[in-house]
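> Sequence and predicted structure, then a few things I'm wondering about:
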Amino acid sequence: MLKLLLTFIAVAIVLPTHAAVPVKTALIQQTAEASQYRASAEVVSLRDVEIAAEVEGRVDWVAEVGSVLEKGAVLATIDPEQYQYALTSHLAYMEQLKSDIHFAQRALQRGERLLRDKVLAEQELDDIAQKLANARFALQQAEVDKRLLELKLARCKILAPFSGQVVVRHTVRGGYVEPGTTMVAFVDTDNKEVSAKLPVMSGAGLDLQRTQATLHVNGQVLPAKLKAIVQAGDEHSRLVEVRLTSEQALPPISMPVEVHFSTPGNAQAWIVPRDAVLLAGEQHYVYQVSAQHQAHKVEIEVIGEHSLNNVLVKGALTKDRAVVVRGAEQLGDKQEVAIVASNTSVF
């Protein structure tokens, strides 16, 4: 009797271990093995300029640091008084030239009549005509000089070349500037991209069309696209620059970012959901579900990132067999499973 009771207890203990474990599965996909690179980067503005004065004079006003201005708004002003006086004086000079032309025309008309009456020598008439021509030329030159003075007067207002923000003031009210003196640093804070630096050898393995990239910042992963690879590496640092863009909003300018690059090669690898990968000691593994609904433990090697939810691995995986993404912690090799949900759109 005691022996029979112990048999029942043993059966009660063993039987639950044979029950099918409920799991959730997902598909895997074979792909070309990729070369993986990582690089430090930062967010940069597409337009970052040091704006300089174009005329000399005393500074009247400069926008405060942090000011956000639209294109065409005033960034700084230079005292325009000397240019206003110069323009007023020049306009008076132009009126004098117009008067000279008027009287030279009348003198020429009189000279032509006197020449016909044989009272005036032809040489004297030529002298009058030359004075008229010189006055007209002087007026044309004065018109050009007037436009230059108007341009200088207009340039006493330094305007924003695009919408952006003042980040540095190099001068303040009361200072004196000359053409070329830097007044403010102005940055476009809306149009941004990422600048990454890689060793020349790593940069040679990148391809604008084939290389995939992700941006990693503050625990977030953003998809990115290569915009340009600067082929000429810096001779001192042996680094090349890679510019990247993203359809998602980028962090603030100067924010440090880590970029992960992946370029497909010829060898084959597997795209596996990140949630399917388990770790025992230093060995990674997954469970693949057979047609008999058994979970088979398969050791793998994680070779890199693929996307936000997936990793690239190498191992003896079987095509068309799903992997366990939920419930794998309860499994043993060749244990029966019950699939309660299957994700067929991981990729």
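All right, it came through fine. Numbers count the residues shown, from 1 in each chain.
> the helices in the stretch 1-150 of the chain, which residues?
Using DSSP state H, counting those that start in this stretch, the helices assigned to the stretch 1-150 of the chain run over residues 2-14, 81-116, 122-154.
> and these, which one's lowest on average pLDDT?
Note on the helices of the stretch 1-150 of the chain: lowest mean pLDDT is at helix 2-14, with a mean of 45.
> sorry, back to before: turn the helices of the stretch 1-150 of the chain into a markdown table, columns for distance to L27 and mean neighbour count.
(Glycine included, C-beta is placed from N, CA and C.) Listed next are those as a markdown table, based on distance: least, CB to CB, whole Å; neighbours: other CB atoms under 10 Å:
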| stretch | distance to L27 | mean neighbour count |
| --- | --- | --- |
| helix 2-14 | 34 | 9 |
| helix 81-116 | 74 | 14 |
| helix 122-154 | 66 | 14 |
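> Show me the one of those helices that comes nearest W270.
helix 2-14 (35.4 Å; CB to CB).
> Any chance of the backbone angles for A53?
Backbone torsions of A53, given as degrees, to the nearest 10, read phi -70, psi 150.
> Kindly report the same for the one 3 residues further on.
The main-chain torsion angles of E56 are listed as degrees, to the nearest 10 and equal phi -90, psi 160.
> list the contacts for it?
Residues near E56 by CB atoms under 8 Å, 6 or more residues apart in numbering: 78, 176-179.
> Most widely separated two among the residues you listed?
Pairwise over these, using CB to CB, the maximum falls at Y176 and P179, 12.1 Å.
> just the buried members of the contacts of E56?
Buried by 16 or more other CB atoms under 10 Å: 78, 177, out of those.
> Now distance to Q141 too, for the contacts of E56, in a markdown table please.
Output for the contacts of E56, formatted as a markdown table (distance: CB to CB, whole Å):
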| residue | distance to Q141 |
| --- | --- |
| I78 | 26 |
| Y176 | 30 |
| V177 | 29 |
| E178 | 26 |
| P179 | 23 |
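> Please identify the buried residues of stretch 59-72?
59, 62-63, 67, 69.
> same thing with stretch 183-193?
Neighbour-count burial for stretch 183-193 flags 183-188, 192-193 (criterion: 16+ other CB under 10 Å).
> Among these, which one lies nearest to S163?
Closest approach between the buried residues of stretch 183-193 and S163, by CB to CB: D188, at 6.9 Å.
> low-scoring stretches of the protein, by residue?
Counting by pLDDT under 70, the chain contains low-confidence ranges at 1-18, 117, 119, 233-235, 266, 344-347.
> domains of it?
Listed domain ranges for the chain are 19-33+268-343, 37-45+192-265, 48-79+156-187, 81-154 (source: automatic domain parsing).
> start to end distance for the second one?
In this case it means domain 37-45+192-265. By CA to CA, to the nearest Å, the extent of domain 37-45+192-265 from end to end equals 13 Å.
> what does the third one give?
Distance between the boundary residues of domain 48-79+156-187 (CA to CA) amounts to 4 Å.
> cool, the last one as well?
Counting by CA to CA, the length from the leading to the trailing residue of domain 81-154 is 12 Å.
> Ok, the longest one next?
Across its full length, domain 19-33+268-343 reaches 23 Å end to end, with CA to CA as the criterion.
> dump the residue contacts of the closest residue in space to E241 that isn't next to it in sequence.
Spatial nearest neighbour of E241, excluding adjacent residues (CB to CB, 6 or more residues apart in numbering): V230 at 4.2 Å. Contacts here follow CB under 8 Å, 6+ apart; on that basis V230 touches 240-243.
> Now, these that are in strands?
Among the contacts of V230, DSSP state E puts 240-243 in strands.
> Same list (those residues) but as JSON lines, adding distance to K152 and neighbour count.
Listed next are the ones in strands among the contacts of V230 as JSON lines, based on distance: CB to CB, whole Å; neighbours: other CB atoms under 10 Å:
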{"residue": "V240", "distance to K152": "44", "neighbour count": "22"}
{"residue": "E241", "distance to K152": "39", "neighbour count": "18"}
{"residue": "V242", "distance to K152": "43", "neighbour count": "26"}
{"residue": "R243", "distance to K152": "38", "neighbour count": "16"}
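> What ranges does the stretch 201-347 of the chain have for its strands?
Using DSSP state E, counting those that start in this stretch, the strands of the stretch 201-347 of the chain run over 212-217, 220-229, 239-245, 256-273, 278-280, 283-289, 294-305, 310-315, 323-326, 335-343.
> Since that was my last question, I'll sign off now.
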